[in-house]
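>>> Okay, here's the prediction I keep looking at, along with the sequence it came from:
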Amino acid sequence: MKYKAHTVGTVVLTAGIIHLNNKIGLEIKPLYLIVGAVFGGLLPDIDHPRSLLGSAIQPVSTIIKETIGHRTLTHSILFTVIISLFASIFNINIGIGIGLGMLSHIILDLLTPETNGVAFLYPFYKKKIKLLLIVLQKLPPQLNIKV
Ligand SMILES: [Zn+2]
């Protein structure tokens with residue numbers, strides 16, 4: 001999935017969270033949340049040298065891709081929690097936004113049919129999982145959808 005789709009998905013998710021926040025009255029600052037979310041929505045693909053962020057640090061992204069692979073560590077829940085907590089030390093709203101953006105990215109990659117899956121439980125479970133495949137396999141056979 002391309003960065004534009006991840007950015008749109010992240011902004012939609014974050015707008016929903018902001019709307020929900022307005023209903024329950026938490027102290028979330030929407031601008032910081034969106035800035036963090038947009039960055040977080042792009043961050044997982046730092047493991048690919050041709051991605052938007054990966055191309056900016058191509059030697060590092062190439063090493064990551066060739067050693068542990070694309071859609072592994074940087075697409076994991078563990079990495080999301082670590083990065084989100086680390087950013088929260090400096091600004092809680094940006095930290096939460098980064099976490100939301102990264103989760104949105106992982107979910108969208110899981111639902112993308114063109115990918116070979118996401119190892120979102122890396123390093124505890126290194127096999128890549130395709131959520132769309134699981135969903136399609138659960139549909140009734142009368143729908144005749146090929147996976
Ligand atoms: Zn990705």
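Arrived safely, thanks for sending. Residues are numbered from 1 along each chain as shown.

>>> Which helix or strand lies directly C-terminal to the helix or strand encompassing Asn21?
Applying DSSP states H and E as the criterion places Asn21 in helix 3-24. Using DSSP H and E, the helix or strand that follows helix 3-24 in sequence is helix 30-42.

>>> packing partners for the helix holding Asn21?
Helices and strands touching helix 3-24, by 3 or more Cβ pairs under 8 Å, 6 or more residues apart in numbering; DSSP states H and E, are helix 30-42, helix 92-111. Glycine gets a C-beta too; all of them are placed from N, C-alpha and C.

>>> The first one near the ion at all?
No: applying Cβ under 5 Å from the ion, one finds helix 30-42 out of contact with the ion, separated by at least 9.1 Å.

>>> Pull out the buried residues from that helix.
Across helix 30-42, burial judged by 16 or more other Cβ atoms under 10 Å covers Pro30, Tyr32, Leu33, Ile34, Val35, Gly36, Ala37, Val38, Phe39, Gly40, Gly41, Leu42.

>>> Show me the shaky parts of this structure.
Within the chain, the stretches falling below the threshold (pLDDT under 70) are 133-139, 141-147.

>>> hang on, the earlier thing: okay, the buried residues of helix 30-42 in a markdown table with distance to Glu66 next?
Below are the buried residues of helix 30-42 laid out as a markdown table (distance: Cβ to Cβ, whole Å):
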| residue | distance to Glu66 |
| --- | --- |
| Pro30 | 39 |
| Tyr32 | 35 |
| Leu33 | 34 |
| Ile34 | 33 |
| Val35 | 31 |
| Gly36 | 29 |
| Ala37 | 29 |
| Val38 | 28 |
| Phe39 | 25 |
| Gly40 | 24 |
| Gly41 | 24 |
| Leu42 | 21 |
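
>>> Tell me which two of the residues you listed sit farthest apart.
Put simply, by Cβ to Cβ the two of these set farthest apart are Pro30 and Leu42, 19.0 Å from each other.
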